[in-house]
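A.B. asks: Everything below, folded, please.
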Amino acid sequence: MPNPSRPRLWIAVLLAACLALPVGLASTAPADAATAKTSAKESKRVSRVKAKITWVEDPDRGGYAGTVKVPLDYDKPKKAKVTLALFKVPAADPEARIGTLFVNPGGPGGSGVDLAAAATEFLSQSVLDHFDIVGFDPRGTNGSTRVTCFSSSTSQASALSGLGEAFPSTAEQGDFIASSENLARACSKYGKSLASSMSTAEVARDMEVLRRAVGDSKLNYLGFSYGSYLGEVYASIFPDRFRTIAIDGVLNPVSWAGTKVTSSIPATTRIKSGDGSWAALVAGLAACADAGPEYCPLDDPQADFDAVAASLKAETLRIGDGDDAFVYSYQDFIADSLSLLYYPEGMDYLAQIIAALEQILGTGSDTDVSTAGDRVSSLVRAFHKVAALEDPGYDNGLEAYSGVLCTDAYQPSDASAWVSAAAKSAIRAPHFGQIWGWADVQCATDYWKARDEDAYHGTYSRSTAAQVLVVGNYHDPATNYNGAVEANTLMPNSVLLRSDSWGHTAYGTSDCVTDRVDSYLITGKVPSGTSTTVCTGDVRPFMTDLGTGVGEGTGNTRVEVPSRVGLPPISIPWLPREG
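C.D. replies: Prediction:
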């Protein structure tokens, strides 16, 4: 059961994402005829900042921790500063070293420090040989100067008490909106100084300062999910200052930022992530049906999912006994389903949960109910890695996420826009339209007053000096493939690599994707034939025999808890259940 003092805030739903966007939302700005250059205004902003990184060896994590100070406001470089936390894994082959590869996991609010520290787990050895891998926590987040919108965790918990579920039922909408408005007001008052200086443009300027601080003549960058938008903004503001930008799990930047014309539509509805999640689920359930009973534990996968969702929507379950019991709601089921879609093997795991829940909801046998309850309990608890946690202190994750999106994007003025938008989205994308549609109600401009006057709103179609590599995954539940197509269309000097793979992002899902991204980063050139290549993911749903636990032709054992070994660590839209 979620701890009421630490709401299940679904922060990384906020990795942000795109499905097919209406043509009317696409940028109509023509590509520059000649290679664009950094404007004099932007050049002045960053060139007068002389930053020096302080590095300290961190042998436990196999690299160097760093800190650096940058201006809170680049128009006032001598005034207030923020401290950025960094982590560096030095190039494994110093003689082959090209420079620094900056990495970002998305979010907004994901830790670049943690991603860099995990570099040896997901990056190829050839990339590790040629680059220092550097990640930094964006301003306002994690180990950098953190945005805090409340004076204490106690006042935060009280103000956000209506955010106990991933998204509200109809009866809960009033409390959900009230708590979201509390957050907006707090970030516009107590937290305003930093919350109004957290737009992606500020982070792009920080990255440009860091590029010069590490001594590189051009930027090399690998960004995942929302990190794709950071890459798009950097390429737009500094179109002549990068060597490589590879983005994977890609946002349409016009839909994320919006325009004055589209400001009546909430950002997380504009990007149509709910549509992408629903499409990925439907495709996964169809794969389960096609696989047959040897590989899929469900008789009629789509009908089974719908029945479980309807039952949980009608009545919340209490699973287990005594101190081990926990409440499992419709919102929990949808949030867990979305979380599992982020993994290539997640559908196998979700099918097991559906099958166990069906037994609880549909059998008259106490023994079967007890056994199924134990199964659901073990699956859900393993997935959420439930443990006795010490007091985490002040958790600013939702504030950090909001500080970025609410300053980046044009938004409606009143929270009532989210009620209608989420309801309409749920018609197109059952279940998932709601979880995505409510993810930014705190950005309603009647309440969110922390504005960043230096936020970037386009154009995103500048002709860059170097190519941008855009990677799109057909079955991505968050950053739908069409977001990559649209970004590729917007950016005239970009190349699209397509991947028929499952889960969120494509790097690491096949040698085909990984080798092409690696080659681009190392050589600075997109490999020939990339634009006509369709890669196929190595791990696909329901490849594992339920009886033997052996994958068909793969040697994979049955999945119990999804892992991302060999894949970029990602944030997913749930926080661990506590007790």
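A.B. asks: mind showing which ranges of the stretch 1-150 of the chain have poor pLDDT?
C.D. replies: 1-33 (pLDDT under 70).
A.B. asks: now swap in the chain and tell me
C.D. replies: Across the chain (using pLDDT under 70), the flagged ranges come out as 1-33, 363-373, 375-392, 549-579.
A.B. asks: run the last query once more with 50
C.D. replies: Low-confidence segments of the chain (pLDDT under 50): 1-32, 363-367, 385-389, 553-565, 569-579.
A.B. asks: what ranges do the strands span in it?
C.D. replies: 54-58, 63-71, 81-89, 99-104, 131-136, 219-224, 242-248, 317-319, 326-328, 468-475, 494-502, 534-536 (DSSP state E).
A.B. asks: Note down every partner strand of the fifth one and its orientation.
C.D. replies: Within its sheet, and counting by DSSP bridges, strand 131-136 is paired with strand 81-89 (antiparallel), strand 99-104 (parallel).
A.B. asks: do the first one as well
C.D. replies: Looking at strand 54-58 with DSSP bridges, its paired strands and their directions are strand 63-71 (antiparallel).
A.B. asks: so how far is the strand it pairs with off the chain centroid?
C.D. replies: Counting by C-alpha atoms, centre = their mean, to the nearest Å, strand 63-71 is centred 24 Å from the centre of its parent chain.
A.B. asks: cool, and stretch 181-200?
C.D. replies: 21 Å.
A.B. asks: and of the strands of the chain, who's closest to residue 173?
C.D. replies: strand 326-328 (20.0 Å; C-beta to C-beta). C-beta: built from backbone N, CA, C; applies to glycine.
A.B. asks: Check which helices and strands that closest one is in contact with.
C.D. replies: strand 317-319, helix 366-384 (3 or more C-beta pairs under 8 Å, 6 or more residues apart in numbering; DSSP states H and E).
A.B. asks: Try it again at 10 Å.
C.D. replies: strand 317-319, helix 346-362, helix 366-384 (3 or more C-beta pairs under 10 Å, 6 or more residues apart in numbering; DSSP states H and E).
A.B. asks: still on that earlier bit, can I get the strands paired with strand 131-136 in TSV including distance to residue 198?
C.D. replies: Converted to TSV, the strands paired with strand 131-136 look like this (distance: least, C-beta to C-beta, whole Å):
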stretch	distance to residue 198
strand 81-89	10
strand 99-104	14
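A.B. asks: So which of these is the most surrounded?
C.D. replies: strand 99-104 (a mean of 26; mean count of other C-beta atoms under 10 Å).
A.B. asks: relative to strand 242-248, how tilted is that strand?
C.D. replies: Between the axes of strand 99-104 and strand 242-248, defined by axes from the mean of the first three to the mean of the last three C-alpha atoms, to 10 degrees, the angle is 30 degrees.
A.B. asks: and strand 99-104, how far from the chain's centre?
C.D. replies: 18 Å.
A.B. asks: do stretch 411-431 as well
C.D. replies: On C-alpha atoms, centre = their mean, the centre of stretch 411-431 falls 21 Å from that of its chain.
A.B. asks: what are the C-alpha coordinates of it, in PDB please?
C.D. replies: Extracted C-alpha coordinates of stretch 411-431, given in PDB (Å, rounded to 0.1, in the frame of the first residue of the first chain):
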ATOM      1  CA  GLN A 411       0.100  25.100 -21.300                       C
ATOM      2  CA  PRO A 412      -3.600  25.700 -20.700                       C
ATOM      3  CA  SER A 413      -4.600  28.300 -18.100                       C
ATOM      4  CA  ASP A 414      -7.100  26.300 -16.000                       C
ATOM      5  CA  ALA A 415      -7.000  22.800 -14.600                       C
ATOM      6  CA  SER A 416     -10.400  22.100 -16.100                       C
ATOM      7  CA  ALA A 417      -8.600  21.600 -19.500                       C
ATOM      8  CA  TRP A 418      -7.000  18.500 -18.100                       C
ATOM      9  CA  VAL A 419     -10.300  16.900 -17.100                       C
ATOM     10  CA  SER A 420     -11.700  17.100 -20.700                       C
ATOM     11  CA  ALA A 421      -8.300  16.400 -22.400                       C
ATOM     12  CA  ALA A 422      -7.700  13.300 -20.300                       C
ATOM     13  CA  ALA A 423     -11.200  12.000 -20.900                       C
ATOM     14  CA  LYS A 424     -10.900  12.400 -24.700                       C
ATOM     15  CA  SER A 425      -7.400  10.800 -24.600                       C
ATOM     16  CA  ALA A 426      -8.800   7.800 -22.800                       C
ATOM     17  CA  ILE A 427     -11.300   7.200 -25.600                       C
ATOM     18  CA  ARG A 428      -8.400   6.900 -28.100                       C
ATOM     19  CA  ALA A 429      -6.100   5.200 -25.700                       C
ATOM     20  CA  PRO A 430      -8.000   3.200 -23.000                       C
ATOM     21  CA  HIS A 431      -6.400   3.200 -19.600                       C
END
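A.B. asks: With that, I have no additional questions.
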